[in-house]
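[1] pasting the sequence and the predicted coordinates here, then a few questions.
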Amino acid sequence: MPLYSYKGYNSQTGQAVKGTIEADSLKSARTKLRQKDNIMTSELKEESGLTKTASKLDTSFLERLTTKTVKVQDTLVMTRQLATLVSAHVPIDDALKALVEQVSDPVLRQALAQVKDRVNEGKSLAESLAAFPGIFNKLYVNMVKAGYESGRLGLVLNRLAEFMEYQLKIKNDVFSALTYPGVMISVSFAVITYLFVSVVPKLQKVFASLKATLPWYTQFLIDVSNFIQSHWLLLLLTAVIAGVLFEKWVKTPAGRRKFDRFSLEVPVFGGIFLALNVSRFTRTLSTLMDSGVQIVPALEITKNIIGNVIISDVIEQAKIAVQEGKSLGLTLEKSGEFPPIVSHMVKTGEKTGSVETMLNHVAIAYDAEVERKIGAMVSLIEPAMIVVMGGIVVVVVIAMMVPMLGLMSQVR
């Protein structure tokens, strides 16, 4: 942290003073002296030995902070620490100062230093956090705002940390579940490629030297092997171009809508994607409402963090319906996109005045549903991949061995 030397006077006693102080910036040093020590500065300069070039680089880095992102894990740990400090009644500026000294990620540390400076200038914590949307999204900012206004900031920060832990857990669960099938697919592809580019060509030379008459299926495999060896670069380029075109298509509104619709209806995986979206919707809306955010802005925030545009459109319709005084549960039911249990629980919550509680129950149920479906998918993929890979190997072996056995019988 930079060191600044200062000269000035105490605003209460009028006594001349001088010394040094550590601060994140010149403005922060002046604010700290004025607010904590009642010192009005007449001279303030940096003594940390930074060169002009380094200062310019640091300034340039700070200017890019608004678009920088950090790992969810780092933000989660920081949020937990802030919740602990706030719950212990530590002033916000002191809590932020402690976090700046503890955080290891340079982007997050610089952002928190800027947040602290903004808070010292009189801005609210939520407003200060909102200046860095790449790190603190709308959900984060609005929950902090609601918690501060309701006097429950420590509690809300803990809920926010729990929500982030939930998101991280789901992400890790999905990644872990897909790792094994991914490895199986890669190994299968490698084995099949080896058979076609190494084993089949060698046997083809044997057949050619013996001038053997080959069955149609053996000849077909040989033709496939020859095509792969002759046009592997073309196949690779085709795959790359297809991937790029697909990515561009998905980024278009029409393409994104068709892809998201397909993801909800595709066999096996569709149920998982739907359960994930329902879980994310109910968990997010429940957390926001339970933290004091009103239902309309809560629906707007939830709509923006749902990855599927089909579900986002339904949430937008629900937000408009709620603004018009209509039932949230009835709107979800009419959309036909959500399972009946979701709309039923929401309607029950509207009647009893406990929508957030009912949403939380649904979220818990669908968290378990996601885990169950992922487990079932993995249990299906494993034997399916073994059967497919084994089947291809058996077909290749039979196609190559039948002519060999025929030649051996002729020799005898």
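    Right, received. Where do you want to start?
[2] please count neighbours and contacts with C-alpha atoms only from this point.
    Fine.
[3] confirm that Thr41 sits in a helix.
    No. Thr41: not assigned to a helix; according to DSSP: H, G, I helix; E, B strand; the rest coil it is strand.
[4] residues in contact with it?
    Tyr6, Lys7, Gly8, Tyr9, Arg30, Leu33 (C-alpha atoms under 8 Å, 6 or more residues apart in numbering).
[5] right, and the helix or strand after the lowest-mean-pLDDT helix or strand in the chain?
    Across the helices and strands of the chain, mean confidence by mean pLDDT, DSSP states H and E is lowest for helix 52-63: a mean of 44. Sequence order places helix 72-87 as the next helix or strand after helix 52-63, per DSSP states H and E.
[6] using CSV, list the CA coordinates for the helix or strand just after that following helix.
    Remark: after helix 72-87, the chain's next helix or strand is helix 92-102, criterion DSSP H and E. Coordinates of each C-alpha in helix 92-102 appear next as CSV, following Å, rounded to 0.1, in the frame of the first residue of the first chain:
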residue,chain,number,x,y,z
ILE,A,92,-17.8,-0.7,6.6
ASP,A,93,-14.7,1.3,5.8
ASP,A,94,-12.6,-0.7,8.3
ALA,A,95,-14.0,-3.9,7.1
LEU,A,96,-13.2,-3.1,3.5
LYS,A,97,-9.7,-2.0,4.5
ALA,A,98,-9.2,-5.4,6.2
LEU,A,99,-10.4,-7.2,3.1
VAL,A,100,-8.0,-5.2,0.9
GLU,A,101,-5.1,-6.4,3.0
GLN,A,102,-6.3,-10.0,3.0
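[7] tell me the spacing between Val191 and Thr282.
    Applying C-alpha to C-alpha, to the nearest Å, the value for Val191 to Thr282 is 44 Å.
[8] those two - which one has more neighbours?
    Taking neighbours as other C-alpha atoms under 10 Å, Val191 and Thr282 compare with Thr282 leading, 23 against 14.
[9] residue contacts, the closest residue to Val355 other than its chain neighbours?
    In space, Val355 comes closest to Gly349 once its chain neighbours are excluded; the distance is 4.1 Å by C-alpha to C-alpha, 6 or more residues apart in numbering. Going by C-alpha under 8 Å, 6+ apart, Gly349 touches Val355, Glu356, Thr357, Met358.
[10] check Met143 too.
    Listed by C-alpha under 8 Å, 6+ apart, the contact partners of Met143 are Val156, Leu157, Leu160, Leu288, Ser291, Gly292, Val293.
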